[in-house]
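Visitor: Sequence and predicted model, in that order:
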Amino acid sequence: MNEQRKKRLRHLYFKTLAITLAVCIALMGAAYGVFLYLVDGLNRSEIDESNLSVNEQYGDDKIMNIALYGVDSRNHDYQGRSDAIMIASVNGRTGKVKLISVARDTYVSVPGYYDTKINHAYAYGGPELAIQTLNENFGMNITDYVTVNFDSLAEVIDEMGGVMVDVTEAERQQVNAYLLKGEPLRETGYINLNGPQAVSYSRIRKIDSDSMRASRQREVLASLFEKAKEINPLEYPSYVRKFAPMVETSLSNEEILKIASVGLKGSDLVLEQAAFPNDYIASTGQTINGGWYYVYDLEQAKDMLQQYIYEDIPFEQYGVTEESMERTE
């Protein structure tokens, strides 16, 4: 091969490479442009991380912990007390999403205020104080949040075609007693609830307890999670565009993309659930200064939570040694 032919081939190679790179960059730019269009409707809120009392003792760059709040406003704003408080732990390494609910009546210290129910923190200082309260009382490293009001949650559930939950007769009566709109619930058993019915179901606590209320909230979210896994990926953009205006969040676009990359695991995605209080930590219901609270050892709760998130040790195995496990086998 003569020198001139070599030069022509080298020139063609670099030209082809340059065109290929340009096309890839253009496609990536277009894809990111579509992503920006889809999340444009999100209600964004910035929070000062220096005020969050982030616990730096634990951490894993593959695990993202996010505070989830459901507020008791039904007029599309994001103020009020947080009726639902959860920690979503997204593990990019394993594809697991862990959902840990904290009973709204949990007795905690709210920074700058006093000891009271944990759900008061959101009303006193919005998501920033609510996150700081979670971090200080549960030893967490949360820096971001997602808030949905219950009015919006009903719309999300309706868009997804409802949720499948197991309803008792006592629960059916409570759903209808507090249903704000729509058709009353006439069935019991494992049935499909529409948005208003599901929201009313997730707010029930008079027939049992706040921990059961949190359990119902997790059941509704778990059903939504399973519905989301069944969606055709080609339909994701339309759902994102619909739901974005119903959410307030501090998550950046980069963080949303990071979470989305875990969501792309589809049917391999695993949801695990836990709660405080639970059967593995001593807790009591106490009346303090005229208010009723869940009281439990927050230091133990911190330890249980860290082991659950970072060591994958379920609450039911907390404190169980290998030796004691061998004796029970």
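Guide: That came through, no problem.
Visitor: Spell out the residue ranges of the strands in the stretch 1-150 of the chain.
Guide: 43-44, 63-71, 82-91, 96-102, 107-109, 115-117, 144-149 (DSSP state E, counting those that start in this stretch).
Visitor: Any chance of those in CSV with mean neighbour count, mean pLDDT and distance to Tyr178 as columns?
Guide: Every C-beta, even on glycine, is put in place using the N, C-alpha and C of the backbone. Putting the strands of the stretch 1-150 of the chain into CSV (neighbours: other C-beta atoms under 10 Å; pLDDT from 0 to 100; distance: least, C-beta to C-beta, whole Å) gives the following:
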stretch, mean neighbour count, mean pLDDT, distance to Tyr178
strand 43-44, 14, 80, 26
strand 63-71, 22, 90, 15
strand 82-91, 23, 88, 12
strand 96-102, 22, 90, 20
strand 107-109, 20, 96, 26
strand 115-117, 17, 94, 20
strand 144-149, 22, 88, 16
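Visitor: Distance to Asp297 added to these, as TSV?
Guide: TSV is the format used below for these (distance: least, C-beta to C-beta, whole Å):
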stretch	distance to Asp297
strand 43-44	37
strand 63-71	21
strand 82-91	18
strand 96-102	14
strand 107-109	11
strand 115-117	15
strand 144-149	26
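Visitor: between these, which gets nearest to Gln174?
Guide: Smallest distance to Gln174 across the strands of the stretch 1-150 of the chain (C-beta to C-beta): 15.0 Å, for strand 82-91.
Visitor: What strands flank that closest one, and is each parallel or antiparallel?
Guide: strand 63-71 (antiparallel), strand 96-102 (antiparallel) (DSSP bridges).
Visitor: Contact partners for the most centrally placed residue in the chain?
Guide: Taking C-alpha atoms, centre = their mean, the centroid of the chain lies closest to Ala88, which sits 4.0 Å from it. Contact partners of Ala88, counting by C-beta atoms under 8 Å, 6 or more residues apart in numbering, are 65-68, 97-99, 146.
Visitor: One more pass at 6 Å, please.
Guide: 66, 68, 99 (C-beta atoms under 6 Å, 6 or more residues apart in numbering).
Visitor: and if you look at Ala301?
Guide: Phe276.
Visitor: closest one to Thr284 among the strands of the stretch 1-150 of the chain?
Guide: That would be, of the strands of the stretch 1-150 of the chain and by C-beta to C-beta, strand 107-109, which comes in at 9.8 Å.
Visitor: Show me what the closest one is packed against.
Guide: Using 3 or more C-beta pairs under 6 Å, 6 or more residues apart in numbering; DSSP states H and E, no helix or strand is in contact with strand 107-109.
Visitor: if we go to 10 Å?
Guide: Where contact means 3 or more C-beta pairs under 10 Å, 6 or more residues apart in numbering; DSSP states H and E, strand 107-109 is packed against strand 115-117, helix 120-138, strand 283-288, strand 291-296, helix 298-310.
Visitor: which one of these lies closest to Tyr58?
Guide: helix 298-310 (5.5 Å).
Visitor: Would you agree Arg203 is in contact with Val175?
Guide: Yes - in terms of C-beta atoms under 10 Å, Arg203 counts as a neighbour of Val175; the distance is 9.1 Å.
Visitor: Compare the two (neighbour count), which wins?
Guide: Neighbours around Arg203 and Val175, counted as other C-beta atoms under 10 Å, are more numerous at Val175. The numbers are 22 against 19.
Visitor: How about whatever helix or strand the more buried one lives in, which residues are buried there?
Guide: If you go by DSSP states H and E, Val175 is part of helix 169-177. Using 16 or more other C-beta atoms under 10 Å as the test for burial, helix 169-177 gives 171-172, 174-175.
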